[in-house]
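Engineer: model the following, please.
(one chain, ligands or ions: 1)
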Amino acid sequence: MNAIYLYCRPGFENECAAEIQEKAGWNEIYGFIKLKKNQGLVEFHVYDASQVDVLMQKLPLTRLIFTRQWFAAIGEPLELPEYNRVEAICEALGDEFHYEDLRVETLDTNDGKALSKFSRKLSVPLRQALRKQGVLAAKEQAEHTRGATNLHALFFSGQLVQLGYSYIANSSIHPMGIARLKFPSKAPSRSTLKLDEAFLYFIPRDEWDTRLASGLNAVDLGSAPGGWTYQLVRRGMMVKAVDNGPMADSLMETGQVKHYQLDGFKFRPSKKNNYWLVCDMIENSTRVAKLMASWIVDGDCKEAIFNLKLKPGKNRYQQVMKNLAQIKDVLSDNDVWYEMYAKHLYYDREEVTVHVRVLNQR
Ligand SMILES: C[S@@+](CC[C@H](N)C(=O)[O-])C[C@H]1O[C@@H](n2cnc3c(N)ncnc32)[C@H](O)[C@@H]1O
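Structural biologist: Residues are numbered from 1 along each chain as shown. Below is the predicted model of the structure:
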């Protein structure tokens with residue numbers, strides 16, 4: 001058992017691989033990568049097997065930008081017979097280790113999607129059998145102890161499965177790390193799902209009442225036709241929407257939106273009472289990073305969510321790290337205390353989403 005399996009968006013395996021190698025290295029844990037392009041899966045084989053578990057606990061998943069979900073492999077991929085697959089999995093697991101729940105997964109590819117019906121069907125008898133064997137807890141608990149783990153079963157086909165485990169406190173609550181959201185029929189663009197997912201991912205639910213509260217002021221740069229503005233409006237915020245393009249009438253009719261047909265790089269609110277800055281401008285990521293940092297340093301927002309558009313090519317991980325470092329440098333130089341996280345979210349494509357929250361300012 002010496003591999004960590006990481007799920008990412010298909011096509012971003014190199015970014016996911018470069019990131020886990022670098023960030024494991026920061027913890028003095030080294031290994032080599034195995035991946036197949038466009039499978040949305042990266043294997044990180046750690047040279048010292050005892051370090052796999054260390055890394056799974058020590059490196060926060062929230063610090064991995066391109067990894068949606070991960071697990072530590074239990075053994076090699078397991079070949080399954082045509083019949084009695086459940087028994088074969090139970091036998092391979094034995095009863096030495098105990099897990100809270102089971103995550104039956106497939107890859108985020110067309111083949112994986114085709115297989116998901118089969119794996120969902122199998123999950124019912126498999127869960128039952130594992131509970132009976134005492135491998136899984138009898139019932140899923142609402143609260144978990146620190147070291148509690150989930151069991152993963154990643155099906156490559158009906159005949160091949162990779163088993164693994166992840167620490168519940170350091171993994172995604174969503175299957176394969178994918179939060180599937182329903183497109184709100186009144187939203188003017190599909191982009192709306194990106195901000196909806198970002199709020200879900202970055203802002204803890206028990207803080208929504210204060211941090212996503214009705215009555216807060218927000219600025220949306222690159223707002224047209226209004227998918228992101230829709231998410232702010234539906235939470236009762238007052239929005240300054242900045243874009244040369246037109247905003248959806250349905251949003252303007254709410255009375256909560258003021259539209260500014262201006263360049264997003266030149267606009268600033270006249271008062272210091274703005275809470276949120278969101279930005280989805282399709283612009284050079286270095287320019288956007290610089291702009292975001294300057295809003296924060298100038299006290300023009302308390303929290304920001306923005307996209308960094310990725311340039312096609314080999315160095316997309318390095319590009320994001322460079323942009324984040326650029327922001328860190330400006331904030332540190334100006335004595336801003338902040339937290340910053342970045343994630344390649346499910347509804348992101350050629351971009352990553354960044355969240356910055358000011359904790360304390362001079
Ligand atoms: C991906 S779209 C935004 C979609 C929007 N977030 C939504 O959910 O409907 C990008 C927008 O950025 C705008 N944009 C690009 N550069 C801009 C700039 N310098 N100033 C203002 N808007 C800009 C474009 O006009 C375009 O409407």
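Engineer: could you look up the SS state of the residue with the largest distance to the centre of the chain?
Structural biologist: No residue in the chain has its C-alpha farther from the mean C-alpha position than residue 83, which lies at 36.6 Å (CA atoms, centre = their mean). Counting by DSSP: H, G, I helix; E, B strand; the rest coil, the backbone at residue 83 sits in coil.
Engineer: what is the burial count for the residue in the stretch 51-200 of the chain positioned nearest to the ligand?
Structural biologist: Residue nearest to the ligand within the stretch 51-200 of the chain (CB to the nearest ligand atom): residue 191, separated by 3.1 Å. C-beta here means a position set from N, CA and C on the backbone, and glycine is covered the same way. Neighbours of residue 191 under the rule other CB atoms under 10 Å: 20.
Engineer: ok, residue 122 next?
Structural biologist: By other CB under 10 Å, 19 other residues sit near residue 122.
Engineer: one more: residue 158?
Structural biologist: As a burial measure, residue 158 scores 13 neighbours (other CB under 10 Å).
Engineer: please apply the same query to residue 339.
Structural biologist: Residues near residue 339, counting by other CB under 10 Å, number 11.
Engineer: what helix or strand is it on?
Structural biologist: strand 337-343 (DSSP states H and E).
Engineer: relative to that strand, what are the paired strands and their orientations?
Structural biologist: Strand partners for strand 337-343, identified by DSSP bridges, are recorded as strand 351-360 (antiparallel).
Engineer: for the partner strand, list the C-alpha coordinates in CSV.
Structural biologist: Provided in CSV are the C-alpha atoms of strand 351-360 (Å, rounded to 0.1, in the frame of the first residue of the first chain):
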residue,chain,number,x,y,z
GLU,A,351,-10.0,28.7,-14.9
VAL,A,352,-9.5,28.3,-11.2
THR,A,353,-11.6,30.0,-8.5
VAL,A,354,-9.9,31.9,-5.7
HIS,A,355,-11.3,33.1,-2.4
VAL,A,356,-9.7,35.8,-0.3
ARG,A,357,-11.0,36.9,3.1
VAL,A,358,-9.6,39.8,5.0
LEU,A,359,-9.1,38.9,8.6
ASN,A,360,-7.7,42.1,9.9
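Engineer: who in this structure is up against the ligand?
Structural biologist: Contacts of the chain with the ligand, taken as CB under 6 Å from any ligand atom, map to 188-189, 191-192, 222-228, 242-245, 263-265, 280-283.
Engineer: again, only this time at 5 Å
Structural biologist: 189, 191, 222, 224-225, 227-228, 243, 245, 263-264, 280-283 (CB under 5 Å from any ligand atom).
Engineer: among these, which are in strands?
Structural biologist: Assigned to strands by DSSP state E, none of these qualify.
Engineer: so which of those is the most crowded?
Structural biologist: Of all the residues of the chain next to the ligand, the highest neighbour tally under other CB under 10 Å goes to residue 228, namely 29 neighbours.
Engineer: tell me the residue of the stretch 151-300 of the chain that sits nearest the ligand?
Structural biologist: In the stretch 151-300 of the chain, no residue comes nearer to the ligand than residue 227, which is 2.4 Å away by CB to the nearest ligand atom.
Engineer: which residues touch that residue?
Structural biologist: Residue 227 sits next to 187-195 when contact means CB atoms under 8 Å, 6 or more residues apart in numbering.
Engineer: what separates it from residue 183, distance-wise?
Structural biologist: 10 Å (CB to CB, to the nearest Å).
Engineer: residue 245 too?
Structural biologist: Using CB to CB, residue 245 is found at 21 Å from residue 183.
Engineer: what does residue 110 give?
Structural biologist: In this view, residue 110 and residue 183 are 21 Å apart by CB to CB.
Engineer: count of neighbours near the closest residue in space to residue 68 that isn't next to it in sequence?
Structural biologist: Using CB to CB, 6 or more residues apart in numbering and skipping the chain neighbours, the partner closest in space to residue 68 is residue 177 (2.9 Å). Number of residues near residue 177 (other CB under 10 Å) recorded here: 21.
Engineer: I'd say residue 177 and residue 64 touch.
Structural biologist: No. With contact defined as CB atoms under 8 Å, residue 177 does not count as touching residue 64 (10.1 Å).
Engineer: correct me if wrong: residue 190 contacts residue 181.
Structural biologist: No. Counting by CB under 8 Å, residue 190 sits too far from residue 181 to count as a contact (10.6 Å).
Engineer: between these two, who's got more neighbours?
Structural biologist: Counted by other CB under 10 Å, residue 190 and residue 181 do not tie: residue 181 has more neighbours, with 14 against 10.
Engineer: just confirm that one is within a strand.
Structural biologist: No. Using three-state DSSP, the assignment for residue 181 is coil, not a strand.
Engineer: was I right about it contacting residue 198?
Structural biologist: No. With contact defined as CB under 8 Å, residue 181 does not reach residue 198; the gap is 10.9 Å.
Engineer: give me the nearest residue to residue 53, chain neighbours excluded.
Structural biologist: residue 72 (6.4 Å).
Engineer: what helix or strand is that neighbour on?
Structural biologist: According to DSSP H and E, residue 72 maps onto strand 69-79.
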